[in-house]
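> here is a sequence together with a model predicted from it:
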Amino acid sequence: MSGTNLIEFYDERYAEIDAYLVFLQHLEEAARAGVPRFKGTDAYITPTQKKILSSCLYLQLYNLVEATVVKCLEAVVVAVENAERRPEQLSEELRREWVRSIARTHVGDLGPQKRLEAALELCEQILGQTPIKDFKIEPGGGGNWDDTSIEKVCARVGCGLVVSPKVRQAVKMQVRDELGPLKLVRNRRNGLAHGSLSFVDCSDGVTVAELKAVATAVGDYLRDTASSFVKFIELKVVNNNEVNS
């Protein structure tokens with residue numbers, strides 16, 4: 001995925017969040033008039049089922065967070081390879097990631113032979129001054145993506161994260177459990193994924209209005225993140241401006 005497609009990818013994925021929020025809003029409005037029923041049948045949606053459906057939004061939001069980060073890093077790699085950059089043409093941060101990727105320095109249990117092969121491959125690319133290929137930036141995260149970890153990965157690759165004051169304020173403001181929106185989404189997703197939190201308890205007492213506010217704060221932050229990567233790719237990778245600054 002190229003940098004120019006990052007915003008398009010993000011908008012398409014966030015549209016899924018919007019569509020689900022519309023569904024939850026209709027469900028909440030129907031519940032005010034009684035138990036929501038399916039037209040033409042005796043089937044209905046119970047309060048327990050409604051809570052389960054609401055909780056699913058946290059999973060969708062976290063999926064969007066992780067997908068956005070991964071796609072941003074993939075776009076950097078695609079731009080590096082398409083521009084046929086050589087190691088010496090990379091910024092210090094990206095060169096560090098390239099060495100980490102080729103030499104596999106982050107793999108703790110790599111055997112001596114594999115470690116030697118990785119080192120030889122690194123030497124061959126440097127001595128041959130060939131364009132970079134088979135490059136991968138490991139996202140890390142480990143199921144714990146939030147605004148703090150996104151800021152760290154941006155700094156790691158040298159991408160200047162530009163977030164508007166309004167968006168930053170919204171994402172840092174505590175909404176529940178003394179957590180901001182992104183950290184709340186992370187915690188509730190992990191609680192659901194690991195079984196420490198039930199789907200019923202997850203959204204107990206949570207209104208659709210609150211879910212919308214959380215989704216908006218998370219979505220705006222991720223869009224600013226994607227925009228920051230687009231600018232980073234254009235300036236530092238494609239145009240190779242100030243790579244050593």
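Noted; the coordinates are in hand.

> what is the burial count for the closest residue to Pro131 other than its chain neighbours?
Using C-beta to C-beta, 6 or more residues apart in numbering and skipping residues adjacent in sequence, the residue nearest Pro131 is Glu84, 3.8 Å away. No exception for glycine: its C-beta is placed from N, CA and C like everyone else's. Residue neighbour count, defined by other C-beta atoms under 10 Å, stands at 11 for Glu84.

> ok, and for the longest helix belonging to the chain, which residues are buried?
Longest helix in the chain, counting residues (DSSP state H): helix 47-82. Buried residues in helix 47-82, counting neighbours by 16 or more other C-beta atoms under 10 Å, are found at 50-55, 57-62, 64-66, 68-69, 71-80.

> swap in stretch 134-153?
Result for stretch 134-153 [16+ other C-beta under 10 Å]: buried residues Phe135, Ile137, Pro139, Gly141, Trp145, Asp146, Asp147, Ser149, Ile150, Val153.

> check the third one and give its pLDDT.
Predicted confidence (pLDDT) at Pro139: the value is 88.

> now do the fifth one
Per-residue confidence at Trp145 stands at 95 (pLDDT).

> ok, the closest residue to it other than its chain neighbours - contacts?
With C-beta to C-beta, 6+ apart as the criterion, Trp145 has its nearest non-adjacent residue at 4.8 Å, and that residue is Val65. Residues counted as contacts of Val65 (C-beta atoms under 8 Å, 6 or more residues apart in numbering) are Trp145, Asp146, Ile150, Leu182, Val185, Arg186, Val218, Leu222.

> dump these to JSON lines, plus secondary structure and distance to Ile17.
Formatted as JSON lines, the contacts of Val65 follow (DSSP: H, G, I helix; E, B strand; the rest coil; distance: C-beta to C-beta, whole Å):
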{"residue": "Trp145", "secondary structure": "coil", "distance to Ile17": "16"}
{"residue": "Asp146", "secondary structure": "coil", "distance to Ile17": "17"}
{"residue": "Ile150", "secondary structure": "helix", "distance to Ile17": "17"}
{"residue": "Leu182", "secondary structure": "helix", "distance to Ile17": "14"}
{"residue": "Val185", "secondary structure": "helix", "distance to Ile17": "11"}
{"residue": "Arg186", "secondary structure": "helix", "distance to Ile17": "16"}
{"residue": "Val218", "secondary structure": "helix", "distance to Ile17": "9"}
{"residue": "Leu222", "secondary structure": "helix", "distance to Ile17": "10"}
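
> just the closest of those to Ala209, please.
Closest approach between these and Ala209, by C-beta to C-beta: Val218, at 15.2 Å.

> from Tyr20, how far off is the closest one?
Counting by C-beta to C-beta, to the nearest Å, the gap from Val218 to Tyr20 is 13 Å.

> again with His194
Noted for His194: a distance of 23 Å to Tyr20, by C-beta to C-beta.

> neighbour count winner among the two?
Ranked by neighbour count (other C-beta under 10 Å), His194 and Tyr20 place Tyr20 first, with 18 against 9.

> which SSE is the more buried one in?
helix 6-32 (DSSP states H and E).

> so which bits of that helix are buried?
Neighbour counts over helix 6-32 (16+ other C-beta under 10 Å) mark Leu6, Phe9, Tyr10, Arg13, Tyr14, Ile17, Tyr20, Leu21, Leu24, Leu27, Glu28 as buried.
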